[in-house]
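J.: Predicted coordinates and the sequence they were generated for:
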Amino acid sequence: MAGGSDFDVKERVRQSTDIVDLLGSYMQLRRQGSMFVAHCPWHDDRRPSLQINPARQSWVCWVCNFRGDIFDFVMRREGVEFYDALRMLADRLGIEVKSSGPAPVKGSPDDKQTLFRAMAWAAELFQAALNDHQTARLARDYLSGRQLSPETIDRFRLGFSPLDRDWLAHRARNSEFSPQVLEACGLVVRRENTSNYLDRFRGRLMFPIQDTLGRVIAFGGRLVPGLYAEGEEPPGKYINSPETRLFSKSENLYALNLASDSVSRTRHLIVMEGYTDVIAAYQAGMRGVVAALGTAVNQRHIKLMKRYADRITLVLDGDAAGQRRTNEILDLFVAESVDLRILTLAEGLDPFDFVQTQGAEALQKLVDNAPDAMEHRIRVETNGVDLLNDTHRSTQALDRILQTIAQIPQSLTATAAAAKLRADQLLTRLSRTFRMDKETLQARLRDLQSQIARTAEQPAASEQVTWKLRDFEAAEVELIRLLLLDHSLLDLAVEGVSPDDLKEGPLREIYLRIGEGFHEALDVSFEGLMVHFEDPKIRGLLILLNDEAVTRHEVAVDDCRRRLEAVLDVFRRRHEQKGAQQLLVKLDDKNLDPKEEAETLEALLRQARQRHGISAPMDG
């Protein structure tokens with residue numbers, strides 16, 4: 001992104017995001033005077049250690065020594081870099097973040113706003129076709145047979161794509177959208193070696209997929225039973241939009257836009273397997289329900305879920321395929337330290353059938369009492385195994401269970417009392433179940449954990465560094481602190497101290513930006529500096545400096561200029577000492593002629609007199 005517009009976007013996002021609202025969407029906050037407090041998500045926090053300051057729009061955990069603003073919280077909570085955090089916050093506000101390079105041409109396939117409009121236009125046409133098109137009766141009969149009400153159909157914006165090969169492409173000729181735009185949206189497919197475009201979703205019931213802002217970003221399409229002649233149905237009962245500029249299967253969940261409000265209150269997300277499962281559950285009164293989008297749940301999905309929920313319940317079909325999918329993804333959830341519960345329905349039932357026959361209340365009760373992931377894993381692995389006599393299968397089952405327990409991050413197992421207790425309880429149960437002493441299980445678990453630790457990528461040491469003020473020279477800390485307090489001191493400071501006078505490091509970077517801002521009339525307030533810097537360590541240092549500055553200023557309101565003069569004196573003495581050292585080096589140079597040597601000695605004497613406040617002797 002270009003410098004000017006880059007700064008503008010960051011500043012708009014910062015000003016438009018209330019830190020209490022943002023952090024409150026991740027965790028429970030409690031007011032404490034003018035502040036808010038919460039349990040820190042990065043350590044075993046038995047008392048609320050994370051403090052939020054609404055006035056300064058900052059947060060700090062005094063135990064972890066983590067601190068920052070809205071960007072730092074998202075970066076650390078989501079494990080993303082600054083620009084990813086900026087985009088996430090901007091999307092939350094509906095603010096466009098432009099990529100570097102020339103801006104896309106409006107109306108082109110590269111213009112995301114055009115693609116959003118095209119998807120909204122297509123969704124409206126599909127909805128109208130479901131109600132009005134002469135071939136839509138079978139689609140309406142299918143929905144009626146599934147007992148979906150008109151209100152539910154409207155809520156989920158269901159539609160219908162007629163069987164015509166170019167029904168949508170033909171209507172686009174009288175719209176603002178070119179065939180290339182529809183292709184970029186994944187709505188049409190270009191016929192090979194021709195300039196003709198065919199509709200992708202012909203003869204299908206349409207399920208719009210929306211982002212958390214309610215914008216249509218993709219579609220799922222289900223073949224309408226009986227619409228195609230026998231033997232002419234295309235492959236795939238369900239198909240989804242391809243990956244586009246708007247849509248990634250691994251970064252979105254179906255109906256998350258409807259579930260997010262409920263989940264923000266309960267911190268509980270229910271994940272089902274199909275679109276109609278979610279729709280039926282919603283119609284029956286359940287909330288906080290989503291589905292994956294035509295792909296297996298993966299690590300990126302889990303990170304997305306963790307943004308919204310502290311507890312995740314997977315509701316799986318009661319068939320062999322459902323069990324297999326559970327085993328495939330369980331280790332991913334455990335490695336991410338998610339409170340995962342797994343509900344497997346009776347064989348032959350899916351959530352849609354269950355809700356239709358037994359009601360949402362019965363399903364909700366099962367969800368509320370679903371076993372946690374490890375309990376589920378033990379049940380599955382030991383089911384049908386003669387643990388006393390079939391030693392081979394018993395050993396295999398135990399090893400698979402221990403492999404899963406070993407995936408729990410060791411930092412969590414070692415430091416979090418609840419996690420440590422849970423692991424101990426699991427080993428006690430395994431000891432009883434498999435008739436094996438607990439010490440042997442613990443030794444095997446430690447071996448597995450060591451193997452994982454050796455193969456896992458460790459974060460770079462530089463990523464773990466956080467600075468404390470005692471790491472820096474007191475005069476440099478005081479200089480920055482005073483300038484954060486009182487901007488009227490800028491001219492005096494910039495005149496007296498050069499950035500080169502500060503030691504190499506973050507304080508010099510901050511002061512360099514302050515000097516540039518002073519000369520170019522830029523915002524060098526605390527807020528302006530926070531917007532400028534993207535390095536989370538520098539941003540944390542800025543917050544620490546600002547907090548210290550405000551605290552000290554409350555004690556001594558009127559002495560900023562006096563304190564700055566004292567700081568400038570320190571830098572002046574540094575200059576003098578540096579100059580004296582240079583003169584001494586010059587004297588050591590045996591190549592000086594007598595005149596140069598005398599001038600150098602005179603300069604040294606003059607500096608010494610100035611240092612001690614001695615006037616120069618009178619001539620004569």
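T.: Here it is on my side, so go on. Numbering: from 1, shown residues only.

J.: In contact with the residue lying closest to residue 19 once chain neighbours are set aside: list those residues for me.
T.: Once flanking residues are discounted, residue 19 sits nearest to residue 57: 4.7 Å by CB to CB, 6 or more residues apart in numbering. Yep, even glycine has a C-beta here, placed from its N, CA and C like the rest. Residue 57 makes contacts with 14, 18-19, 69-70, 527, as judged by CB atoms under 8 Å, 6 or more residues apart in numbering.

J.: residue contacts, the residue nearest the centre of the chain?
T.: Residue closest to the mean C-alpha point of the chain, counted by CA atoms, centre = their mean, is residue 78 at 2.9 Å. Listed by CB under 8 Å, 6+ apart, the contact set of residue 78 reads 84-85, 88, 303, 307.

J.: still on that earlier bit, just the buried ones from the contacts of residue 57?
T.: Buried members of these, scored by 16 or more other CB atoms under 10 Å, are 14, 19, 69-70, 527.

J.: Helix, strand, or coil at residue 363?
T.: Counting by DSSP: H, G, I helix; E, B strand; the rest coil, the backbone at residue 363 sits in helix.

J.: pLDDT weak spots in the stretch 501-620 of the chain?
T.: 550-558, 575, 577-593, 595-601, 603-620 (pLDDT under 70).

J.: which among the buried ones among the contacts of residue 57 gets closest to residue 31?
T.: Minimum distance to residue 31 across the buried ones among the contacts of residue 57 is 13.7 Å, recorded for residue 19 (CB to CB).

J.: Any idea what residue 222 is bridged to?
T.: Taking DSSP bridges as the rule, residue 222 bridges to residue 205, residue 238.

J.: Tell me if I'm right that it and residue 236 touch.
T.: No - look at residue 222 against residue 236 with CB atoms under 8 Å: they stay out of range, at 9.5 Å.

J.: Could you identify the most distant pair in the contacts of residue 78?
T.: Farthest pair in those, by CB to CB: 85 and 303, 12.9 Å.

J.: Those two: which has the busier surroundings?
T.: Neighbours per residue, other CB atoms under 10 Å: of residue 85 and residue 303, the larger number sits with residue 85, 22 against 17.

J.: Excluding chain neighbours, what is closest to the more buried one?
T.: residue 74 (4.0 Å).

J.: still on that earlier bit, quick one: which of the buried ones among the contacts of residue 57 sit in helices?
T.: Per DSSP state H, helices hold the following members of those: 14, 19, 70, 527.

J.: mean confidence for the helix or strand where the residue nearest to residue 85 lies?
T.: Per DSSP states H and E, residue 74 falls inside helix 70-78. Across helix 70-78, pLDDT averages out at 86.

J.: And for stretch 211-229?
T.: The model assigns stretch 211-229 a mean pLDDT of 90.

J.: Buried residues, it. List them.
T.: 211-212, 215-224, 227.

J.: State the distance from the spatially closest residue to residue 284 that is not a sequence neighbour to residue 84.
T.: Excluding the flanking residues, the one nearest residue 284 by CB to CB, 6+ apart is residue 360, at 3.4 Å. As for residue 360, its distance to residue 84 is 37 Å (criterion: CB to CB, to the nearest Å).
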